[in-house]
Structures are given as structure tokens and as C-alpha cells.
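Trainee: no sequence on this one, just coordinates:
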Ligand code: 5GP
Ligand code: MN
């Protein structure tokens with residue numbers, strides 16, 4: 001954020017505002033952590049603040065401080081629209097294009113508020129009055145910490161805010177191991193622990209709450225894995241029938257895609273998950289090194305994200321999607337074997 005933006009933000013926040021904070025659809029730990037931490041901060045600053053999530057999120061995030069105050073746009077539609085329409089300031093966190101909020105997009109287009117974007121994905125759209133975008137950042141949570149630091153107010157970070165920020169940094173960095181994890185990230189995390197984030201408890205809340213059916217579903221996913229050594233690629237499929245058989249709950253497939261990358265030599269991993277209700281195949285893509293899954297997802301599957309983690313979708317059947325994917329892959333043989 002440049003100094004002109006910092007001055008603008010300081011001036012806006014010097015008056016009491018009606019503020020809506022919005023994560024992307026299917027919010028993850030970083031999206032919810034950044035929204036809830038910023039919520040805590042702006043509340044302390046005396047603003048009227050609400051977090052409005054486009055839809056529901058997994059149970060393993062529902063212990064987070066402030067979770068009970070989140071408005072779900074799908075379930076509490078009237079309230080959500082009221083908050084957005086009345087807002088004077090709207091923060092959009094952990095996404096950079098209004099299409100990432102699904103059904104909420106048209107409501108945001110109609111809002112009269114000034115928008116402030118805080119995000120670390122590539123190729124931000126130009127919809128905000130203030131755009132704090134940095135693709136080198138580990139997470140939006142690290143950026144919210146910086147944002148508070150730019151305002152000179154890290155003293156206001158309490159244990160709840162620290163817990164939310166720690167959670168998002170932890171989930172978006174694969175527990176501090178991805179390439180975007182810098183020494184600065186670790187310094188921020190150290191500060192958060194000093195401010196009251198209980199690191200061991202947070203890891204347990206997020207990662208040690210498996211249900212037997214989720215582990216069985218992981219078994220199915222791993223036995224469905226197809227490995228293509230000539231493309232250094234591994235992919236997993238899960239059909240709706242398989243999800244139903246193992247009592248699928250939102251969030252149950254989180255992390256499955258990463259198993260492909262643990263195979264020696266594999267640098268490109270994907271998971272294709274059927275969602276019959278939405279009529280789509282949701283795709284998660286991961287890579288190691290310079291192969292950009294952001295570009296791959298943008299070019300072929302109506303998606304995007306980061307160089308090493310992206311998402312996308314297909315509107316055809318699983319069979320057709322996989323067949324198309326295999327055709328596309330043939331044109332990437334050189335890029336995957338540099
Ligand atoms: P995941 O595979 O965990 O859903 O998402 C991986 C990364 O890609 C996240 O940073 C997420 O925000 C981004 N992402 C996921 N799905 C989409 C999508 O449909 N469009 C775009 N532009 N980004 C996505
Ligand atoms: Mn993120």
C-alpha cells in the first residue's frame with residue numbers, strides 16, 4: 001500500500017463508518033481469518049462492522065473467534081443485502097475479482113460504498129478505491145497484519161485477532177512450508193504468538209478433527225489417483241456418488257490434492273470433484289516450482305489463483321472433463337519437463 005493509500009484509509013477510518021467485510025465464495029482459513037481479524041480491529045476502532053460470507057464454510061473453521069457474528073448471504077439473504085446496501089465502506093478480502101463471490105456479485109455492483117481490496121492473488125481487477133494487492137505475500141492474513149501496521153496500530157491486536165490471523169497464515173502456507181513463506185511471515189507469526197495466538201491449539205482445531213468418513217473418502221481419493229510420469233502429473237477424481245457414499249461434508253476434501261505432489265518427480269497435481277447441485281466439476285490445481293497453475297486454470301478451466309495453487313471449474317461431465325484435460329495436458333509436455 002503506498003503512502004497516498006495509507007492517508008486515504010486513515011482519513012476514511014477517522015470517521016465512524018458502516019462497514020461490510022467480504023471473503024470469497026467457499027471461504028477458506030485465510031479468507032475467514034482475515035475477515036474476522038479485520039472485524040475485531042474495526043470494531044475496536046468504533047465502527048459498525050459486519051462480515052458477510054457469500055456461502056457456508058467448513059466446520060474446521062467454525063471455532064474461530066467472532067464466527068458467531070458472520071452473516072451467511074445464502075441463509076440470511078435479506079440481512080446480508082441490507083448490510084451491503086447500507087455500507088459506506090466495503091472491504092473485499094482474499095479475492096480480487098467480484099465474480100469470486102458468486103450470487104453476491106450483482107449486490108456488490110449495486111453498492112454505493114467505497115471499496116478497499118486486500119489480496120494476494122494474481123491479476124487484480126480494478127474495482128476498488130484502494131487496492132492493496134501483493135502477490136508475493138503468503139496470505140491475506142499477513143497483509144491484514146501489515147495493513148494494521150501501516151496505520152501504526154498493531155498495539156490493538158488482541159488474542160482473538162492474533163488467533164484469526166495465525167489461522168489464515170497457517171492454512172495458506174501449508175503450515176509455513178510453501179514458497180511464499182518468508183522470514184517476515186515468521187516474524188509476524190512470532191508477534192501473533194506473543195499477542196496470544198495459541199499455536200498448538202490452533203493446529204489441533206484445524207487439522208485434528210477428522211471424521212471416520214473423511215478418512216474413508218481420502219482412501220477412495222487415493223485409490224482413484226491417476227499418475228502420469230511422462231507429464232510429471234497426478235490427478236484424483238471424486239464423483240458425487242462417491243461423496244454421498246462417505247457422507248461428504250463441506251471441507252472434507254481439503255488437502256487431498258496435495259498428496260499427488262508428495263510423489264517423487266510429480267510437479268503438477270489436481271483433484272476433480274463433482275458437484276451435482278451446481279452442475280459443475282470443481283477443480284483444484286497445485287504445482288511445485290515454476291509451472292503456473294494460475295495460468296493453466298485461467299486458460300482452460302475458467303479459474304485462477306496463484307502460481308502454485310489455483311482453482312477452476314468445468315461445466316461438462318466428469319468423463320468429458322477428464323478427457324479434455326488429458327488432451328490439454330499433451331500440449332504442456334515441454335513445460336512440465338523443462
Ligand atoms: P482451492 O483449490 O483451495 O479451492 O483454491 C486454491 C487457490 O485458488 C485459492 O487461492 C483460491 O482463492 C483460488 N481459486 C479457487 N477457485 C478459484 C476460481 O474458481 N477462480 C479463481 N480465480 N481462483 C480460484
Ligand atoms: Mn489466501
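Mentor: In hand now; what should we look at? Bear in mind that the values here come from a model prediction, so they are computed numbers and not experimental data. Ligands and ions are numbered 1, 2, ... in the order given.

Trainee: near ligand 1, which residues of the stretch 201-338 of the chain show up?
Mentor: Counting by CB under 6 Å from any ligand atom, the positions of the stretch 201-338 of the chain adjacent to ligand 1 are 284, 303-306, 309-313. Glycine gets a C-beta too; all of them are placed from N, C-alpha and C.

Trainee: Which ones among these map onto helices?
Mentor: The members of these all map outside helices under DSSP state H.

Trainee: So what touches the least confident helix or strand in the chain by mean pLDDT?
Mentor: Ranking every helix and strand in the chain by mean pLDDT, DSSP states H and E puts strand 304-305 at the bottom, with a mean of 94. For strand 304-305, contacts defined as CB atoms under 8 Å, 6 or more residues apart in numbering pick out 97, 121-123, 285, 293-294, 297-298, 310-312.

Trainee: I'd like the residues of the stretch 201-338 of the chain next to ligand 1 written out as JSON lines, with distance to residue 107 and neighbour count added.
Mentor: What follows is those, written out as JSON lines (distance: CB to CB, whole Å; neighbours: other CB atoms under 10 Å):
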{"residue": "284", "distance to residue 107": "27", "neighbour count": "24"}
{"residue": "303", "distance to residue 107": "22", "neighbour count": "21"}
{"residue": "304", "distance to residue 107": "22", "neighbour count": "24"}
{"residue": "305", "distance to residue 107": "24", "neighbour count": "21"}
{"residue": "306", "distance to residue 107": "27", "neighbour count": "22"}
{"residue": "309", "distance to residue 107": "28", "neighbour count": "20"}
{"residue": "310", "distance to residue 107": "26", "neighbour count": "25"}
{"residue": "311", "distance to residue 107": "22", "neighbour count": "21"}
{"residue": "312", "distance to residue 107": "24", "neighbour count": "24"}
{"residue": "313", "distance to residue 107": "22", "neighbour count": "18"}
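
Trainee: Distance to residue 176 added to those residues, as TSV?
Mentor: Listed next are these as TSV, based on distance: CB to CB, whole Å:
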residue	distance to residue 176
284	20
303	26
304	24
305	19
306	16
309	15
310	21
311	22
312	26
313	29
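
Trainee: which pair in those residues spans the largest distance?
Mentor: The largest separation in these, counting by CB to CB, is between 306 and 313 at 17.0 Å.

Trainee: Walk me through the domains of the chain.
Mentor: Following automatic domain parsing, one finds the domains of the chain at 3-207, 212-336.

Trainee: if you average pLDDT over the first one, what comes out?
Mentor: In other words, domain 3-207. For domain 3-207, mean pLDDT rounds to 98.

Trainee: Can you check the distance spanned by it, start to finish?
Mentor: One end of domain 3-207 sits 39 Å from the other (CA to CA, to the nearest Å).

Trainee: Which of the domains of the chain has the highest mean neighbour count?
Mentor: By mean neighbour count, with neighbours taken as mean count of other CB atoms under 10 Å, domain 3-207 ranks first of these at a mean of 19.

Trainee: how about that domain against ligand 2, any contact?
Mentor: Yes. Domain 3-207 is in contact with ligand 2 by CB under 5 Å from the ion, via 30, 94, 140, 172.

Trainee: List just the nearest of those to ligand 2.
Mentor: Proximity of these to ligand 2 (CB to the ion) peaks at residue 30, which lies at 3.5 Å.

Trainee: Hmm, residue 141 and that closest one touching each other?
Mentor: Yes. When contacts are counted by CB atoms under 8 Å, residue 30 is listed as touching residue 141 (5.6 Å).

Trainee: Next, show the common contact partners of these two.
Mentor: Joint contacts of residue 30 and residue 141 (CB under 8 Å, 6+ apart) are 168-169, 172.

Trainee: tell me how far the ends of stretch 217-235 are from each other?
Mentor: Across stretch 217-235, the terminal residues are separated by 15 Å (CA to CA).

Trainee: Distance from stretch 266-281 to the middle of the chain?
Mentor: Computed by CA atoms, centre = their mean, to the nearest Å, the separation of stretch 266-281 from the middle of its chain amounts to 16 Å.

Trainee: neighbouring contacts of it?
Mentor: With CB under 8 Å, 6+ apart as the test, stretch 266-281 has contacts from 221, 227, 231-240, 243, 253, 256-261, 282-289, 291, 293, 313-318, 321-322, 325, 336.

Trainee: which one is the residue of the chain found nearest ligand 1 nearest to, not counting chain neighbours?
Mentor: When distances are taken as CB to the nearest ligand atom, the chain reaches nearest to ligand 1 at residue 311, 2.1 Å away. In space, and not counting its chain neighbours, residue 311 is closest to residue 303: 5.0 Å by CB to CB, 6 or more residues apart in numbering.

Trainee: Which element is encountered next along the chain beyond the top helix by length along the chain?
Mentor: With secondary structure taken from DSSP H, the chain has its longest helix at helix 29-44. Using DSSP states H and E, the helix or strand that follows helix 29-44 towards the C-terminus is strand 48-53.
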